[in-house]
Every structure is written in C-alpha cells, then in structure tokens.
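> With the sequence up front, the predicted model follows.
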Amino acid sequence: MKSISFALFFLTASLIAQRPGSTNQPPQQAQVTGRVFCADTGQPARFAGVQLIADQPAKAPGFDPATLGKDPNFEKLFAAALTSVMKGSNLSTVTGLDGSFSLDKVPPGIYYVVAQLPGYQSPLSQLSQLERIKAEAATLKAVESTAEKIVIQATQGAHVDIRLERGASISGTVRYDDGSPAPGVAPILMAMEQDGKWKELGSLGTLPTTTDDRGHYRIFGVQAGKYALKAALPTMQASVGLGASVALHMNMGDALLVYSGGALREADVKPVEVGQGQDIDGIDIIFPLNNLHSVSGSVVAKSDNHAVDSGTIELEDSETKAKLRTTMIEHDGGFHLNYIPDGQYILRVTTATDTEKSATDDDSDFSRMLHSKTLKSYGGAELPIILKSDSTGLVLQVPDTQAPPAKTSAAGTGPGMQ
C-alpha cells in the first residue's frame, strides 16, 4: 500500500468539469415557485433538493490530465469551481419544512423541474455518472419522461407542484468468506438495460452508500428493473492523526471487484428482479480470501533496458477483454497488482514515458502528474499470463517509437507463469 493523492485528482477534475461559464446574468429573470409532496404519505417533502434542468444543458468541458494544474489560471479556476459547488446556483434550491421552494433569478428558457429526496424515485437515478456529466440528448430523454416541464419567458414565472413516488430498495451484506464483515465498502448498483448489457449507476443520493460496522448496506430510491451490485476490496483507507495529519493510502492495482451472487466476472452476473416499491433483502457480496495472487515487475525501454518511470499498467481478462485493473508505473519503473483470482489475463502497458522531476515534485503520483516534464514517449506492450500462483519479476519492454501494442516475453518469470 502506498500514500497517493488520487482522491484529490478526481476531485479537481470533477470541479473543473463543473466550473461555471460566464457570470453575466441575463437582463430579465423570473421566479419559479412550487411545493414537493411525498405520494405515499401525502406530507411535504422536507429539505428535498430541487433543480431546473435546461432543455439544452451545458456540457462539461473536457480536460487533459497531462496538463492539469499547468494552466496559469488553474488556481483561480479551481477556486471558482469550488465556490460554485458550495454555493449552488440560481437553478437549484432546497425545500422548506412545508415542502415549498422558490427560485428567484431564473433566466428565460425551457426547463424540467427535478426533485430529489432519499428513498424516492428521481429521473436522474437511472443515469450513470458519465451520462450525467455528458448531458447528451439521450440522457435528457430520461428526464423528459417523468419531470415537469416549464417555459420561462422574460419576467413571467411559473408555479409547479411535484409528487415524489417512493422507490424500491435493495439491501444485504458485504463480507469476507470467513464470515467477518467488510465495513466502509461502497457497493455500486448496476442496472441491466434492454440489450442485456450492464450499466453502472451513479449514486442515488448525495453521497455513496457505504456498509456499516456489520457490513450491512441498503440502497433506496430504486426504480423497477433488473439489478446487480459490485464492490471493490476496501484497500483505500484514510489515516487521520492529530491536527491536520491526514493520509490517503490507495493502490488501484489492489481493487478486486466482486459481484453479487458470488460472481468474479461481469459476464457471470445474474440479475435480480425488483418490482415497483419493492424491498429486496439478502443481496450479498462475499470477498474470497483464497486463491488470490499478486503480479509484479518492471517496465523498461527496449532500446537500453533503463527503467521507464511513468505510465499505466492495465490487467485485462483474456476471454472477455474486460479491463479489470489499472495502476500507475512507479518512479523506479516497478508495478504491483494484488488480489487477482486464478485465470488467464493480458498485462498491458500504455502511455509509458520518461519524465523529468520538477523542484516541487514530492514523488506522489498526483504531484508527478502535475509537475513532471515528459522527456520521451514510448509505444505499448502486452504480455499474456496464466495465474495459478504469485507471479513476480516480470519485465515488460516498451519500444521507442509509438506503435501498436506488441506481445513481449518476460525477462523474469514467476511460478504463476505458464
């Protein structure tokens, strides 16, 4: 395990993607008022989130991780994005004790009014996180089908009442196969689409659902459909000391995914049918403790065998081609992947580079990503492996020129190699 700052990286990327555009307000604005009720109780939906989604929502701008933080206006953009997230906007608010809400500075346009309250259905709950960010036409259809539509013209406002329908729930435990609970795990809900493919849903609430000290979880506000869950070993942990001492320990290469029903591959997952408003219990995720192996080695330049100090290592299922793990090459060219079940895999190197450290480089992955200078780029390489035990001392050689990934032989083979 190593201390890195991936969480800060993803937070930064998320904030930049949400950064506001022009702060100039339209000359004419209107007021939107309304009330939100719970259909099952007839009572007000107290402190429910309410937002107006434009019929042509602004797409989040793309960003290049290689240049993240190097923009001279980076700090200003980061501060503006953080302020926007904390303050919200004039297109979102929270209901009061009587379920009422008011948005007082709404520009002219066509909007869909969406209310969200834990335990109740939302048109956004069936969207993946990526779909929410992209906000494409297909995404908007999910909102159009259930949300109230309003048209704001100049200073002419609108009033809308919203009834929230209680959703279904899925609950169970996450534990190890010796019976001990796995606390602090965030199960991810997956919905089966009409074509039979699985779609990972975003968090149905403000924060992801995590297991309690007994390993129990409960996901609520679910619409009727076919579902499954997956969860990763809780290898990412924060250590909190005295004062401002906080350290995040994380290695993406340790993130073993296990699915409900005991499946270790998405192709083997069996869906659970959930009816309207139904409470489904006993959907458990069990982490295996045996027959898990480690893979480690180094990445070197094919020309002179010097260690390449930056890049990405991917572990792929050789049968389904699904990407199972991703981790970064360490500063000494090494890589480590742990908790891998028996099976056949492809180990792949991408975006391999030699880098020059800056004076501010503290050797963390996030710092290197922001401050290191690329000296030379390499092509990819891949290595088929069969795991029945640990495999160590692997050496993957990357070519000097950008080229399609080429199969490579391992300079060192462990007992897990066939």
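Okay, I see it.
> list the contacts for the closest residue to His336 other than its chain neighbours?
Spatial nearest neighbour of His336, excluding adjacent residues (CB to CB, 6 or more residues apart in numbering): Ser296 at 4.7 Å. Using the backbone N, CA and C atoms, a C-beta is placed for each residue, glycine as well. Ser296 is in contact with Gly334, Phe335, His336, Leu337, Ser391, Thr392, Gly393, Leu394, counting by CB atoms under 8 Å, 6 or more residues apart in numbering.
> bridging residues for the fifth one?
It stands for Ser391. Val295 (DSSP bridges).
> circling back to that earlier point, buried subset of the contacts of Ser296 as a ChimeraX selection?
The buried residues among those can be selected in ChimeraX (16 or more other CB atoms under 10 Å) with this line:
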select :335,336,337,391,392,394
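> got a markdown table for the contacts of Ser296, with distance to Thr173 too?
Listed next are the contacts of Ser296 as a markdown table, based on distance: CB to CB, whole Å:
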| residue | distance to Thr173 |
| --- | --- |
| Gly334 | 36 |
| Phe335 | 33 |
| His336 | 30 |
| Leu337 | 27 |
| Ser391 | 32 |
| Thr392 | 34 |
| Gly393 | 39 |
| Leu394 | 37 |
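> quick revisit: how close does the residue nearest to His336 sit to Lys388?
16 Å (CB to CB, to the nearest Å).
> Over to Val185?
Val185 sits 28 Å away from Lys388, going by CB to CB.
> who has more neighbours, the two?
With neighbours defined as other CB atoms under 10 Å, Val185 and Lys388 compare such that Val185 has more, 24 against 13.
> Just confirm that one contacts Asp213, I think it does.
No - Val185 is beyond contact range of Asp213, at 11.5 Å (criterion: CB atoms under 8 Å).
> Now Glu266. Its backbone dihedrals?
In terms of degrees, to the nearest 10, the main-chain angles of Glu266 are phi -60, psi -30.
> Burial check on it, number of neighbours?
By other CB under 10 Å, neighbour count at Glu266 equals 18.
> then stretch 217-226 to CSV, C-alphas only?
C-alpha atoms of stretch 217-226 as CSV (Å, rounded to 0.1, in the frame of the first residue of the first chain):
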residue,chain,number,x,y,z
TYR,A,217,-25.9,-1.8,3.2
ARG,A,218,-29.2,-0.5,1.9
ILE,A,219,-29.7,1.3,-1.4
PHE,A,220,-33.1,3.0,-1.7
GLY,A,221,-35.0,5.1,-4.2
VAL,A,222,-34.6,2.4,-6.9
GLN,A,223,-36.9,2.2,-9.9
ALA,A,224,-38.4,-1.1,-11.0
GLY,A,225,-36.0,-3.2,-13.1
LYS,A,226,-33.2,-5.8,-13.1
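> what mean pLDDT does that stretch have?
In this model, stretch 217-226 carries a mean pLDDT of 94.
> who's in contact with whichever strand in the chain runs longest?
For the chain, the strand that runs over the most residues, judged by DSSP state E, is strand 343-356. Residues from elsewhere that reach strand 343-356, judged by CB under 8 Å, 6+ apart: 295, 299, 301, 308-319, 324, 329, 368, 372-387, 394, 396, 398, 405.
> Whichever of those residues end up buried, select them in PyMOL.
Command for PyMOL, covering only those of the contacts of strand 343-356 found buried under the criterion 16+ other CB under 10 Å:
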select buried, resi 295+299+301+308+309+310+311+312+313+314+315+316+317+324+329+368+372+377+378+379+380+381+382+383+385+387+394+396+398+405
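> Now intersect the contacts of strand 343-356 with the strands, please.
Under the assignment DSSP E, the contacts of strand 343-356 contribute 295, 299, 301, 310-317, 324, 373-377, 381-387, 394, 396, 398 to strands.
> Give me the contact list for stretch 185-203.
Applying CB under 8 Å, 6+ apart, the set of residues contacting stretch 185-203 is 124-129, 131-132, 170, 174, 204, 208-211, 215, 217, 219, 222, 225-232, 234, 266, 269, 271, 285.
> May I have it exported as CSV, CA atoms only?
Output of stretch 185-203 as CSV, limited to C-alpha atoms (Å, rounded to 0.1, in the frame of the first residue of the first chain):
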residue,chain,number,x,y,z
VAL,A,185,-17.4,-0.5,1.5
ALA,A,186,-19.4,1.3,-1.2
PRO,A,187,-21.4,-1.2,-3.2
ILE,A,188,-22.2,0.0,-6.8
LEU,A,189,-25.6,-0.5,-8.3
MET,A,190,-25.8,-1.9,-11.8
ALA,A,191,-28.9,-1.9,-14.0
MET,A,192,-29.5,-4.3,-16.8
GLU,A,193,-30.5,-2.4,-20.0
GLN,A,194,-32.9,-3.7,-22.7
ASP,A,195,-30.0,-5.0,-24.7
GLY,A,196,-28.8,-7.2,-21.8
LYS,A,197,-25.8,-5.0,-21.1
TRP,A,198,-25.0,-3.7,-17.6
LYS,A,199,-24.9,0.0,-16.8
GLU,A,200,-23.2,1.2,-13.7
LEU,A,201,-25.5,3.8,-12.0
GLY,A,202,-24.3,6.9,-10.2
SER,A,203,-25.0,7.5,-6.6
